[in-house]
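**Student:** Pasting the sequence and the predicted coordinates here, then a few questions.
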Amino acid sequence: MTTPPSPTPTATSSTALAPVQARPRLDEFTVVDVRAPGEYASGHLPGAHNVPLDRLGRALPALRHAAGRRPLLMVCASG
C-alpha cells in the first residue's frame, strides 16, 4: 500500500522583526507597506511598495512572484 503525497503547503513561515532589526537588512527584502495611501504618503521605508490591506487579495499573484525572489517584509501601522 502506498501513502498519499503530502499536501502542498499554502502558507509560508513568518517572523516578526522589530524596526531596529529590520532596518539594517532592508536590502534583503521586498518591502510591502499595507497602510492606507495617506499613511504611506506621510512617510514610508525607502523602496516600499504600497499595497493597502483592502487590495491584498488582488495583489496576491504579484506578491507570490516577489516572494519567490526574496522574502517579503510587511509593514503596517500596528507593527
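**Tutor:** Noted; the coordinates are in hand. Numbering: from 1, shown residues only.

**Student:** Grab the nearest non-local neighbour of Pro71.
**Tutor:** Distances taken as CB to CB, 6 or more residues apart in numbering put Phe29 closest to Pro71, at 5.4 Å, once the chain neighbours are dropped. Every residue, glycine included, has its C-beta placed from N, CA and C.

**Student:** Could I get the full set of strands for the chain?
**Tutor:** 30-33, 49-50, 72-75 (DSSP state E).

**Student:** what's the most buried one of the ones you listed?
**Tutor:** strand 30-33 (a mean of 20; mean count of other CB atoms under 10 Å).

**Student:** In PDB, could you pull the C-alpha coordinates for it?
**Tutor:** Provided in PDB are the C-alpha atoms of strand 30-33 (Å, rounded to 0.1, in the frame of the first residue of the first chain):
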ATOM      1  CA  THR A  30      10.800  43.200  -0.900                       C
ATOM      2  CA  VAL A  31       9.100  45.800   1.400                       C
ATOM      3  CA  VAL A  32       5.300  45.900   1.200                       C
ATOM      4  CA  ASP A  33       3.500  48.600   3.200                       C
END
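
**Student:** one step back: present the strands of the chain as a markdown table; the columns should include mean pLDDT and distance to Leu63.
**Tutor:** What follows is those, written out as a markdown table (pLDDT from 0 to 100; distance: least, CB to CB, whole Å):
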| stretch | mean pLDDT | distance to Leu63 |
| --- | --- | --- |
| strand 30-33 | 96 | 7 |
| strand 49-50 | 96 | 9 |
| strand 72-75 | 94 | 7 |
